[in-house]
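Engineer: Take a look and give me a structure for this.
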Amino acid sequence: MPKLFPSRIDASLFHSPFLGITYAMTATLKTVTLGCKVNQYETEFVREGLVGIGYRDVADGEQADLCIVNTCTVTNEGDSKSRRIIRRLARENPQTRIVVMGCYATRAPEEVASLPQVVEVVTDKRELPDLLGRFGVVDVPDGISGFGNRHRAYVKVQDGCLLRCSYCIIPKVRPQMYSRPLQPILDEVRRLAQNGYREIVLTGVHLGHYGVDWNWNKPKPQWTRLADLVEQLAQLDGDFRIRLSSIEATEVTRELLRVMREYKDKVCPHLHICLQSGSDRILRRMKRRWGAKMFIDRCGMVADALEQPALTTDVIVGFPGETDADFEASCRVVREVGFSKVHVFPFSPRRGTPAAEMPDQIQGPVKSSRGQQLAEIETELRRNYAERLVGKQLRVLVEGTDPQAPGTLVGTSCRYLPVEFPGHHRFTGSLVDVTASTVAGDRIQGHA
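Structural biologist: Have a look, this model is predicted:
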């Protein structure tokens, strides 16, 4: 029977010819990640630790001696996809050992342990250093130094969520609040910038709660907040920029906006603020913490504080009991805020959440229709926002060349819109100032 973390795997297993230290010097490694940016960061953390003792990434067509699978359980489909991937890895790598971690592993460890060739199930991400230690990693890193072949790197600064949104399973599998100490984050970001990563994306299970676990029982003047972390990072030397991943409306504070404004060359003028619904009635059923007016006011505060900020969001359509009037309220809020991008999700009942048991579940065709309507609004708003940027200078992270247009570089602007412009491929991976000249399709076209 596979071991369930945090119990120890027999040490002799790792000193055998198959998984011993000598073997590890030539062992092949394959990692697979499902789900969020936090998962992607944690996979890279484990990968770097193993590469440091001699494991190497498996080549195409080569058998993997060890597979690390980082799973997701946000939806039922996430569970199913995780199982399919584990079974496929076992078929394609008949001699491999599979270690499974992630939220699905935490939620259903016995179920995961029963899958073929699974030798360990990691149920608590806080114990990843111990996992690496059992593989022979003596000097466990306190962060990462790279992020594969990408030009941006994710940095996890926080874990855990205390909220109880009625549609979400994550607080059950990541309930412990934890904020990383400031100095390791500063060291990690400095290291990534020195290694050529020009965009650092701060991420967490609940990013806006960075520092909250330190603030309990402290007077307010002594609190540490996300704004304090962003300001410290923005003061680091180096040619790189900082982008925030998803936060909640209540966490868009004047102090955070002050930091973004004062360090506008280092912090992207882009915030992803989760809406989920524009109907106060549905927001209450979702157990969200505010109404539509408060959300709109916070977005207005961002627009007043920053120059042409990009505001992006998530919206769930077809939540149980959502009427046509509720959906129209969501459309009105989306239009009023003027988002530059909206991620539209049809409601998917997640077993184990209150929303999955609610009456008045919405039929699939209705959800599809509403999703299409909102997507059409998003397309209109996205183009409107892009056209307002024409004539402005945008800082672009060059991510490659357009295979359909030789001599054309493509990248992502500070305001999170794709940009293309003429240039040499040697600029790939660099930050380049580009003046927006026109909008074509979903891209801004410009010139450096």
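
Engineer: ends of stretch 90-104, how far apart?
Structural biologist: Counting by C-alpha to C-alpha, to the nearest Å, you get 18 Å between the two ends of stretch 90-104.

Engineer: Pull out the buried positions in that stretch.
Structural biologist: Neighbour-count burial for stretch 90-104, counted by 16 or more other C-beta atoms under 10 Å, picks out A90, N93, T96, R97, I98, V99, V100, M101, G102, C103, Y104. The C-beta positions use only the backbone N, C-alpha and C, and glycine is treated the same way.

Engineer: Can you show me the strands along the stretch 1-150 of the chain?
Structural biologist: 3-4, 28-33, 56-57, 66-71, 97-102, 118-121 (DSSP state E, counting those that start in this stretch).

Engineer: CSV for the ones you listed, including mean pLDDT and distance to I170?
Structural biologist: Formatted as CSV, the strands of the stretch 1-150 of the chain follow (pLDDT from 0 to 100; distance: least, C-beta to C-beta, whole Å):
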stretch, mean pLDDT, distance to I170
strand 3-4, 47, 20
strand 28-33, 96, 16
strand 56-57, 94, 29
strand 66-71, 96, 13
strand 97-102, 95, 11
strand 118-121, 94, 18
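
Engineer: mind checking which of those strands is nearest P349?
Structural biologist: Proximity to P349 (C-beta to C-beta) singles out strand 66-71 among the strands of the stretch 1-150 of the chain, at 19.4 Å.

Engineer: coming back round to it: can you tell which of the strands of the stretch 1-150 of the chain is closest to D433?
Structural biologist: Here strand 28-33 is closest among the strands of the stretch 1-150 of the chain (C-beta to C-beta), at 33.0 Å.

Engineer: before we move on, back to that, in TSV, list the strands of the stretch 1-150 of the chain along with distance to D297.
Structural biologist: Formatted as TSV, the strands of the stretch 1-150 of the chain follow (distance: least, C-beta to C-beta, whole Å):
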stretch	distance to D297
strand 3-4	47
strand 28-33	37
strand 56-57	48
strand 66-71	38
strand 97-102	37
strand 118-121	45
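
Engineer: Minimum distance to L163: which of these has it?
Structural biologist: Of the strands of the stretch 1-150 of the chain, nearest to L163 by C-beta to C-beta is strand 97-102, at 20.0 Å.

Engineer: Between strand 66-71 and that closest one, find me the angle.
Structural biologist: Going by axes from the mean of the first three to the mean of the last three C-alpha atoms, to 10 degrees, strand 97-102 is angled at 20 degrees with respect to strand 66-71.

Engineer: re the thing from before, the strands of the stretch 1-150 of the chain: which one's closest to E199?
Structural biologist: strand 28-33 (19.0 Å).

Engineer: Describe which strands the closest one pairs with in its sheet and in which direction.
Structural biologist: strand 56-57 (parallel), strand 66-71 (parallel) (DSSP bridges).

Engineer: farthest pair in the buried residues of stretch 90-104?
Structural biologist: Top of the distance list for the buried residues of stretch 90-104 (C-beta to C-beta): N93 and C103, 23.7 Å.

Engineer: still on that earlier bit, of all the strands of the stretch 1-150 of the chain, which one comes closest to R261?
Structural biologist: Across those, the minimum distance to R261, taken as C-beta to C-beta, is reached by strand 28-33, at 34.6 Å.

Engineer: who's in contact with the closest one?
Structural biologist: 39-40, 43, 46-47, 50-51, 55-59, 62-70, 85, 89, 93, 96 (C-beta atoms under 8 Å, 6 or more residues apart in numbering).

Engineer: Can I have the buried ones of those residues as a ChimeraX selection?
Structural biologist: To isolate the buried members of those in ChimeraX, using 16+ other C-beta under 10 Å:
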select :39,40,43,46,47,50,55,58,64,65,66,67,68,69,70,85,89,93,96
